[in-house]
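Student: fold the following.
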Amino acid sequence: MNKYVKVLYFFISLLFLEVLFKLVVFKSLFNISLINIFLYSGFISILYGLVCSLFNERINKILFKIILGLNGFLFAFQECLYSLFGLFFSFNLFKAAGQTLEFATDIYHLIIKNFIWIVLFLVPFILSFFLAKKIDFEKVKGKKLIPFVYMLFSMLGLFYTSL
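Tutor: As a prediction, this is how the structure comes out:
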């Protein structure tokens, strides 16, 4: 059961990030999309848990923290981008990357203005340093991977069914 604690931590972290983002950006929480958020967070959590179980203990622990840090950064970045421009990140924005320096002072003020939200989006990453001792990062091999794969495809099926 201990090998599933990291999946649970990823799940709670993703739900926290998604709900916080939904509240900050859309100023609402309860609608039908909450079901999709719940199911997709479950799928991604299992996928992250699987990835963080494939390597030795040290690498799994590093991957765990990198994934949490990147998720927190991505959500904080999306919130800042939305509050500044009213749009979400897409790869088409790379075309305007050369103009970024023109907005350097705006970006600095934006970070200061949204500092509380940025820190809140990084809470799961920060907590991972304190809770990592309670999580099993041992490599999972062979038949012990079957429950992960089964849960992964089950959650994906539920998610697509809900759509």
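
Student: which other helices and strands contact the one helix or strand residue 109 maps to?
Tutor: Following DSSP states H and E, one finds residue 109 within helix 104-113. When contacts are defined as 3 or more CB pairs under 8 Å, 6 or more residues apart in numbering; DSSP states H and E, helix 104-113 packs onto helix 57-85. In this view, the C-beta of every residue, glycine as well, is placed from N, C-alpha and C.

Student: any idea of the angle the helix or strand bottoming out on mean pLDDT in the chain forms with helix 57-85?
Tutor: Across the helices and strands of the chain, mean confidence by mean pLDDT, DSSP states H and E is lowest for helix 104-113: a mean of 78. With axes from the mean of the first three to the mean of the last three CA atoms, to 10 degrees as the basis, helix 104-113 and helix 57-85 are set at 110 degrees to each other.

Student: what's helix 104-113 in contact with?
Tutor: 80, 83, 84, 100, 118 (CB atoms under 8 Å, 6 or more residues apart in numbering).

Student: excluding chain neighbours, what is closest to the third one?
Tutor: This points to residue 84. With sequence-adjacent residues excluded and distances taken as CB to CB, 6 or more residues apart in numbering, residue 84 is closest to residue 110, at 5.3 Å.

Student: burial measure for that neighbour, as a count.
Tutor: 17 (other CB atoms under 10 Å).

Student: surely residue 121 touches residue 75?
Tutor: Yes - using CB atoms under 8 Å, residue 121 is in contact with residue 75, at 4.5 Å.

Student: joint contacts of the two?
Tutor: By CB under 8 Å, 6+ apart, residue 121 and residue 75 have these common neighbours: 17, 20, 21.

Student: distance of the second one from residue 69?
Tutor: Spatial separation of residue 20 from residue 69 under the definition CB to CB, to the nearest Å is 16 Å.

Student: neighbour count winner among those two?
Tutor: Neighbours were counted for residue 20 and for residue 69 using other CB under 10 Å; residue 20 has more, 18 against 15.

Student: downstream of the host helix or strand of that one, the next helix or strand is which one?
Tutor: Here residue 20, judged by DSSP H and E, is contained in helix 5-21. With elements assigned by DSSP H and E, the helix or strand that comes after helix 5-21 is helix 33-51.

Student: show me how far that following helix is from its chain's centre.
Tutor: Centroid separation for helix 33-51 versus its chain: 9 Å, with CA atoms, centre = their mean, to the nearest Å.
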